[in-house]
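Enquirer: Compute the structure for the input listed below.
(one chain, ligands or ions: 1)
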Amino acid sequence: MLKAIYGTKDVLPKDVEKWNFLESTIKNIFASFNYKEIRTPLLEETGLFSRSIGEETDIVSKEMYTFQDRSETSITLRPEMTASVVRAFLEHSLSSQSSLNKLFYIAAMFRQERPQAGRFRQFHQFGAEVLGSSSPLLDAEIIILAYTILKSLGLVDITVKINSLGITSSRKVYLEILKEYLEPHLNELSEESRKRFEKNVLRIFDSKFENDIQIMKDAPKLIDHLDDESKQEFQVVQNILRSEQIPFLLDSSLVRGLDYYSKTTFEIVSDKVGSQSALCGGGRYDGLIELLGGTPNYGVGFAAGIERILLALQNEKTKLPDNSSLDLYVVLLNKELLNEYYLFATALRKNHLKVEIDYLSRSVKAQMREANKLRAKFVALFGGEEYAENKVVLKNMGTSVQQVLPLENADKEILLSVGS
Ligand code: HAM
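Expert: I've put the predicted structure just below:
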């Protein structure tokens, strides 16, 4: 039997309601913060990601879906959106139209990771990117926005972790200090961390090996070697978060898996999703626009994983609103009225009622069973003696109260009854 590709999954109708609820909540909140939606292609030139995310990162070195197309161009299915948004920002000179661009997206991403709970090869992110301002107000806004969305979706058990990675020059000095500290411990580190020592020493903070974790506990922290500007801006961010009553933890070992970050970085984690606990991550990336060929400009953003959020909601036993019930099921009593029956339902559908009818020539009993299964609020019994008198019976399935309505204004009466 043909199956979906390993690590990808179908969203079946029973789950689509949850996705729709998430997407509409997310869009409403982005609108209230005045973020505009952007959509970019799934395919990009590979160089966009290797330059921005970084050659030595796990994403670029191990996880990208990269192939040569028929004209020998190296193409990659996007593993994240920040690089694509910055590419679009530069390509369409968005900064000349508006000096500040507040953008959001909800889109599919692709990473060839080992699938497990909360980790897929095709997954979906919603996120925001603000291009054009260095104000720490926006670093705070991005965190507040992410936190507000997660809370509005019904999540309770979440923790915000923040850190500052400083500007490139102060980070360079610190990286030498970190290397000096690690040198005598090199033989004790895991093989993976020894590799990172050469290529991306900061990422050793992310190691899952117990011995590495112990060694990194006593390592000098970047936060103690920040430049004055980063320090001061990080204070502003924290002050705003405190005034907005967003609880947060300072986590000096929070290093993100992508190279473009500077200054504020953050993650929001859930205790309810096992090892893949990061629901969302982001931060400032002031050097990225220049790195991709633009005139120096500022950027800050975040992205959150929808599948992981759904898993956290499920594990928190949060009940999501369910709009799948039906307003009205029309039961056909006499088969010879098929045409009139169909027109009756269509007229109600034009009034935006959620209406279902029988397409399978079922018995009246089977149609009533179907109406119950579809959780119809009302059932109309179309045909029989009432039809001969130009009437139709409307039954309220909650109260079992029946009304007999004249056919010519049945739609208005049903609309009134369903609405009340
Ligand atoms: P990221 O931390 O790589 O950041 O991904 C953000 C979120 O996407 C993660 O916290 C997680 O919820 C979800 N995610 C990542 N990989 C997977 C996967 N394989 N399966 C399911 N969910 C996954 C970024 O992507 C940055 N672009 C965020 C950003 C935007 N920074 C600044 N602006």
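
Enquirer: Spell out which parts of the stretch 51-200 of the chain neighbour the ligand.
Expert: Residues of the stretch 51-200 of the chain lying near the ligand by Cβ under 6 Å from any ligand atom: 80-82, 111, 113, 119-120, 123, 125, 127, 129. Heads up, the C-betas are built off the backbone N, CA and C, glycines and all.

Enquirer: out of those, which are inside helices?
Expert: Counted as lying in helices by DSSP state H, out of those, are residue 82.

Enquirer: Columns neighbour count on top of the residues of the stretch 51-200 of the chain next to the ligand, output as CSV?
Expert: Output for those, formatted as CSV (neighbours: other Cβ atoms under 10 Å):
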residue, neighbour count
80, 20
81, 25
82, 24
111, 20
113, 17
119, 19
120, 22
123, 21
125, 20
127, 27
129, 27
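
Enquirer: what number of residues lie near residue 38?
Expert: Look at residue 38: counted by other Cβ atoms under 10 Å, it has 19 neighbours.

Enquirer: so what's it closest to, chain neighbours aside?
Expert: Leaving aside its chain neighbours, residue 38 sits nearest to residue 103 (4.5 Å; criterion: Cβ to Cβ, 6 or more residues apart in numbering).

Enquirer: so that neighbour sits right up against residue 127, yeah?
Expert: No. With contact defined as Cβ atoms under 8 Å, residue 103 does not reach residue 127; the gap is 9.1 Å.

Enquirer: distance of residue 295 from residue 90?
Expert: Using Cβ to Cβ, to the nearest Å, residue 295 is found at 9 Å from residue 90.

Enquirer: all strands in the stretch 201-350 of the chain, in order from the N-terminus.
Expert: With DSSP state E, counting those that start in this stretch as the criterion, the stretch 201-350 of the chain has strands at 248-250, 262-270, 278-284, 299-305, 326-332.

Enquirer: Let me see the backbone angles for residue 325.
Expert: With angles defined as degrees, to the nearest 10, residue 325 sits at phi -70, psi 170.

Enquirer: Repeat that for residue 160.
Expert: Backbone torsions of residue 160, given as degrees, to the nearest 10, read phi -90, psi 130.

Enquirer: Quick one: residues contacting it.
Expert: 143, 147, 241, 246-249, 266-268 (Cβ atoms under 8 Å, 6 or more residues apart in numbering).

Enquirer: before we move on, what about residue 337?
Expert: For residue 337, the contact set (Cβ under 8 Å, 6+ apart) comprises 382-383, 387.

Enquirer: Out of these, who's the most crowded?
Expert: That'd be residue 382 among those, by other Cβ under 10 Å, with 24 neighbours.

Enquirer: just checking, that one touches residue 333?
Expert: Yes. Counting by Cβ under 8 Å, residue 382 touches residue 333, with 6.3 Å between them.

Enquirer: that older thread, quick one: which of residue 295 and residue 90 has more around it?
Expert: Legend: neighbour count by other Cβ under 10 Å for residue 295 and residue 90, higher for residue 90 (17 against 8).

Enquirer: how far away is that one from residue 298?
Expert: Distance from residue 90 to residue 298, by Cβ to Cβ: 14 Å.

Enquirer: Quick check: neighbours shared by the two?
Expert: residue 289.

Enquirer: Give me the pLDDT for the nearest residue to residue 290 once chain neighbours are set aside.
Expert: Spatial nearest neighbour of residue 290, chain neighbours left out: residue 296 (4.5 Å); criterion: Cβ to Cβ, 6+ apart. At residue 296, the predicted lDDT confidence score is 96.

Enquirer: ok, now which ones touch residue 296?
Expert: With Cβ under 8 Å, 6+ apart, residue 296 has these contacts: 286-287, 289-290.

Enquirer: from these, which ones fall inside helices?
Expert: 289-290.

Enquirer: thought residue 269 was touching residue 155?
Expert: No. Counting by Cβ under 8 Å, residue 269 sits too far from residue 155 to count as a contact (10.9 Å).

Enquirer: buried set for stretch 374-390?
Expert: Residues of stretch 374-390 classed as buried by neighbour count (16 or more other Cβ atoms under 10 Å): 376-383, 386-387.

Enquirer: Please report how far the residue nearest to residue 290 lies from the ligand.
Expert: 18 Å (Cβ to the nearest ligand atom, to the nearest Å).

Enquirer: And that residue, its phi and psi?
Expert: When quoted as degrees, to the nearest 10, the phi and psi of residue 296 stand at phi -50, psi 130.
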